[in-house]
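**Q** Below are the sequence and a predicted model for it; my questions follow.
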Amino acid sequence: MNRPIAVSASILAANLGNLERDIKRCEEAGVDRLHIDCMDGHFVPQLTIGPMIIEAVRRFTKLYLEAHLMIEHPGEYIENYAEAGADCIQLQLECYGTRRASCRRWDQWPKEIDEVDVPTLRADLKKIRKLGKKAFVVVNPKTALCEEVLNDCDGVLIMSVNPGFSGQKFMPEVLPKIERLKTIFKGDIAIDGGINAQSAPLTVTAGAHVLISGSYLFSSPNFVDTVRHLKSLA
Ligand code: DX5
Ligand code: ZN
């Protein structure tokens, strides 16, 4: 039997001027988690949200908050995100190892690597867990899984778009990574990027059960129906 689906709302696609209202709508619709895309303008082109906004959101919701860190040197900010109230801290693999030649300059994207600096990554994952938070690794579409650290992770987030923006098109070529994870990993298997009525079933069949949705959910006329539909895919 499939695991139940958890729906995580990516607030990048919410109305940021009315965030409290949009988060209440998520709560009422049965959303399980809030996905918070923290971007630094270096790891990815955009600048978005940092710990201060997480702290503000924490004050008006009890929902599980996941901080997706699309920032350089994420290990240096783990305490900040934990103190701000994130329940889960998600580290991009591409921040741990030598970058491919095509993305070594700060303004070249997407970031990709071939070999992971496992000891440093493992130390950061342990740091997150020691603070009582869930530790995830995030894998860009063209980066391979790092199976050596799975025991140190509560979840793995597979990116199905190149990180940086909401509203991009789902990349089906990442599905084999989910299928592989399903056979070797008992933690959360999350998918992020371009999730909608067409792509979500493909990811669930492959083995994903945490569905992160930004533009599809926030542009839907009826949050309740959209969340119900995503959960019914289990
Ligand atoms: C992309 C972000 C995603 C994005 C999802 O860099 O990590 O979380 O906001 O948005 P949609 O669902 O619109 O692709
Ligand atoms: Zn994200």
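**A** Sure, I can see it. Ligands and ions are numbered 1, 2, ... in the order given.
**Q** quick one: low-confidence parts of this protein?
**A** 1 (pLDDT under 70).
**Q** In contact with the residue sitting nearest the centre point of it, which residues?
**A** The centroid of the chain falls nearest to residue 68 when counting by CA atoms, centre = their mean (4.9 Å). When contacts are counted by CB atoms under 8 Å, 6 or more residues apart in numbering, residue 68 touches 35-38, 90, 138, 157, 192. No exception for glycine: its C-beta is placed from N, CA and C like everyone else's.
**Q** Can you tell me how far residue 115 is from residue 94?
**A** To residue 94, residue 115 is 11 Å away according to CB to CB, to the nearest Å.
**Q** Give me the more crowded residue out of these two.
**A** residue 94 (24 against 10; other CB atoms under 10 Å).
**Q** residues contacting that one?
**A** Here residue 94 is in contact with 43, 110-113, 140, 143 (CB under 8 Å, 6+ apart).
**Q** Which element, helix or strand, includes the residue nearest to the centre of the chain?
**A** Element membership of residue 68, judged by DSSP states H and E, is strand 64-70.
**Q** same question, residue 178
**A** With DSSP H and E as criterion, residue 178 is part of helix 175-184.
**Q** tell me what that helix is packed against?
**A** strand 155-159, strand 188-192, helix 199-206 (3 or more CB pairs under 8 Å, 6 or more residues apart in numbering; DSSP states H and E).
**Q** so which of these gets nearest ligand 2?
**A** strand 188-192 (4.5 Å; CB to the ion).
**Q** Is the closest one in proximity to ligand 1?
**A** Yes - applying CB under 6 Å from any ligand atom, one finds strand 188-192 in contact with ligand 1 at residue 192.
**Q** Are we agreed that residue 194 is in a strand?
**A** No - counting by DSSP: H, G, I helix; E, B strand; the rest coil, residue 194 falls outside a strand, being coil.
**Q** Which of the three states applies to the closest residue to residue 164 other than its chain neighbours?
**A** Spatial nearest neighbour of residue 164, chain neighbours left out: residue 44 (3.9 Å); criterion: CB to CB, 6 or more residues apart in numbering. What three-state DSSP gives for residue 44 is coil.
**Q** count of residues packed around residue 44?
**A** Other residues close to residue 44 by other CB under 10 Å number 22.
**Q** give the contact list for it.
**A** Residue 44 is in contact with 70, 109-111, 163-164, counting by CB under 8 Å, 6+ apart.
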